[in-house]
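Undergrad: What shape does this take:
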Amino acid sequence: MSMSTLNISLPESMRAFIDEQVSTGGYSTASEYIRELVRAEQKRASGDWLDRILIQQVESGPPRKFTQAEWDKMRQATLERIEQLLVEGIESGPPVTLSENWVEEKVAKLEEQARQQQKS
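TA: Numbering: from 1, shown residues only. Below you'll find the model as predicted:
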């Protein structure tokens, strides 16, 4: 993995906190600690999109409250469905290169096929 350097300025109190976390948290360097924080935020942010989708779905139905267990079950079911759709897409055949006009070309082709079927 390629690494790049990022220089940041912190108040002394924050630097002291980082140093304390490194010494007591089993990190070998401040960089390792900061990378772990960023990884945790990436993981949290990647889950946020799913929560937003579920909230939209829930809000489109009748009002109701969900327990944490129900919410977790919905999240898991949704993730499994997404994975299933991804696998279906991968297994459906070779990839299609999409051009700027792909949708218009596809619609025109389908319309032509429909006309041909109506003639026969």
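Undergrad: Look at the residue minimising distance to the centre of the chain and report its pLDDT.
TA: Nearest to the geometric centre of the chain sits Ser46, at 4.4 Å (Cα atoms, centre = their mean). Listed pLDDT for Ser46 reads 75.
Undergrad: lowest-pLDDT helix or strand in this structure?
TA: helix 30-59 (a mean of 84; mean pLDDT, DSSP states H and E).
Undergrad: just checking, what packs against it?
TA: With contacts taken as 3 or more Cβ pairs under 8 Å, 6 or more residues apart in numbering; DSSP states H and E, helix 30-59 sits against helix 12-24, helix 68-91. Where C-beta positions appear, they are placed from N, C-alpha and C, glycine not excepted.
Undergrad: Just put those in JSON lines and tack on mean pLDDT.
TA: Formatted as JSON lines, the helices and strands packed on helix 30-59 follow (pLDDT from 0 to 100):
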{"stretch": "helix 12-24", "mean pLDDT": "94"}
{"stretch": "helix 68-91", "mean pLDDT": "89"}
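Undergrad: With mean neighbour count and distance to Gln113 added, can I get these in JSON lines?
TA: Converted to JSON lines, these look like this (neighbours: other Cβ atoms under 10 Å; distance: least, Cβ to Cβ, whole Å):
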{"stretch": "helix 12-24", "mean neighbour count": "12", "distance to Gln113": "63"}
{"stretch": "helix 68-91", "mean neighbour count": "11", "distance to Gln113": "23"}
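Undergrad: sorry, back to before: got the angle for the least confident helix or strand of the chain vs helix 68-91?
TA: Angle, helix 30-59 to helix 68-91, by axes from the mean of the first three to the mean of the last three Cα atoms, to 10 degrees: 100 degrees.
Undergrad: buried stuff in helix 30-59?
TA: The neighbour-count check on helix 30-59 (16 or more other Cβ atoms under 10 Å) flags Tyr33, Ile34, Leu54 as buried.
Undergrad: Please look at the second one and Ile18 and confirm they touch.
TA: Yes. Between Ile34 and Ile18 there is a contact at 7.4 Å, judged by Cβ atoms under 8 Å.
Undergrad: Looking at the helices and strands packed on helix 30-59, spot the one closest to Ser99.
TA: Smallest distance to Ser99 across these (Cβ to Cβ): 18.9 Å, for helix 68-91.
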